[in-house]
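S.K.: quick one: sequence and predicted model below, then my questions.
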Amino acid sequence: MQLKEVLRKLKSLASAKAVIGMARFGINPRKTLGVSMPMVRGIAKEIGPNHKLAQQLWNSKIHEARILAGFVAEAAKVTERQMENWVKDFDSWDVCDQVCGSLFDKTEFAYSKAFEWSKRKEEFVKRAGFVLMATLSVHDKKSSDKQFEQFLSVIKREAKDERNFVKKAVNWALRQIGKRNISLNKKAIKAAQEIQKIDSKSAKWIANDAIRELTSESVQQRLKKK
């Protein structure tokens, strides 16, 4: 499938009403068509892996085309420069989350970028660092607990960031690490209890929400069965 054909297909599915609805959920409406995620995924299945097309889709600057780019790009072909170029373009939480969770967390640079981006000042770059921590916790079945324990000190360090899209990603990373296994659950709860003591509204919200979920009966029962 060629770029023109893909863009034509996306534009044929556009919905101005959907764009208004997406904006209510904090999604940037700029260059957004209003195509639903199941439809975007359906187009990605039709295309299959195509790294060259992914680059072209990204360069189109269209919101859904960029999400689609993350679905069809090939992780083995992603370079560090590409990751840096794309992350600088993030301007909406959903593009950030979809690209990190469908592509970036499968690259050889995933762990180093999680640490590196978590220190950055730009809101969506920083969010990307913590989204990588969250999605790696779910998708990477092979890495040791030590990898994820190292993320906990970063989460503690950045818990004071009051920006909505950052604090929600910090909280997400903490919760996903704590749901990985019993050992990490205990360590994540301990980290959350330490974060609770920080004099910051954001830190207290991150900690309280994480403790609520990580100590819940449903999470505890599921971890005991693992």
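M.R.: Happy to help now that I have it.
S.K.: so which elements touch the helix or strand where residue 68 lies?
M.R.: Using DSSP states H and E, residue 68 sits within helix 63-72. Secondary-structure packing of helix 63-72 (3 or more CB pairs under 8 Å, 6 or more residues apart in numbering; DSSP states H and E): helix 3-12, helix 37-47, helix 51-59, helix 93-102. C-beta: built from backbone N, CA, C; applies to glycine.
S.K.: redo that, cut-off 6 Å
M.R.: helix 37-47, helix 51-59, helix 93-102 (3 or more CB pairs under 6 Å, 6 or more residues apart in numbering; DSSP states H and E).
S.K.: could you chop the chain up by domain?
M.R.: The record's domain parsing of the chain by automatic domain parsing lists 1-73, 93-226.
S.K.: between those domains, which one is nearest to residue 79?
M.R.: domain 93-226 (8.4 Å; CB to CB).
S.K.: how far does that closest one sit from the chain's center?
M.R.: Its chain's C-alpha centre lies 10 Å from the corresponding centre of domain 93-226 when counted by CA atoms, centre = their mean, to the nearest Å.
S.K.: using PDB, write out the CA atom coordinates for the lengthiest helix in the chain.
M.R.: What stands out as the longest helix in the chain, according to DSSP state H, is helix 123-139. C-alpha atoms of helix 123-139 as PDB (Å, rounded to 0.1, in the frame of the first residue of the first chain):
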ATOM      1  CA  GLU A 123       6.200  17.300  28.800                       C
ATOM      2  CA  PHE A 124       5.600  14.600  26.200                       C
ATOM      3  CA  VAL A 125       9.300  13.500  26.100                       C
ATOM      4  CA  LYS A 126       9.200  13.000  29.900                       C
ATOM      5  CA  ARG A 127       5.800  11.200  29.600                       C
ATOM      6  CA  ALA A 128       7.400   8.900  27.000                       C
ATOM      7  CA  GLY A 129      10.100   7.800  29.500                       C
ATOM      8  CA  PHE A 130       7.500   6.700  32.000                       C
ATOM      9  CA  VAL A 131       5.200   5.200  29.400                       C
ATOM     10  CA  LEU A 132       8.200   3.000  28.300                       C
ATOM     11  CA  MET A 133       8.600   1.900  32.000                       C
ATOM     12  CA  ALA A 134       4.900   1.000  32.100                       C
ATOM     13  CA  THR A 135       4.700  -0.800  28.800                       C
ATOM     14  CA  LEU A 136       8.000  -2.700  29.400                       C
ATOM     15  CA  SER A 137       6.600  -3.900  32.700                       C
ATOM     16  CA  VAL A 138       3.800  -5.500  30.700                       C
ATOM     17  CA  HIS A 139       5.400  -6.600  27.500                       C
END
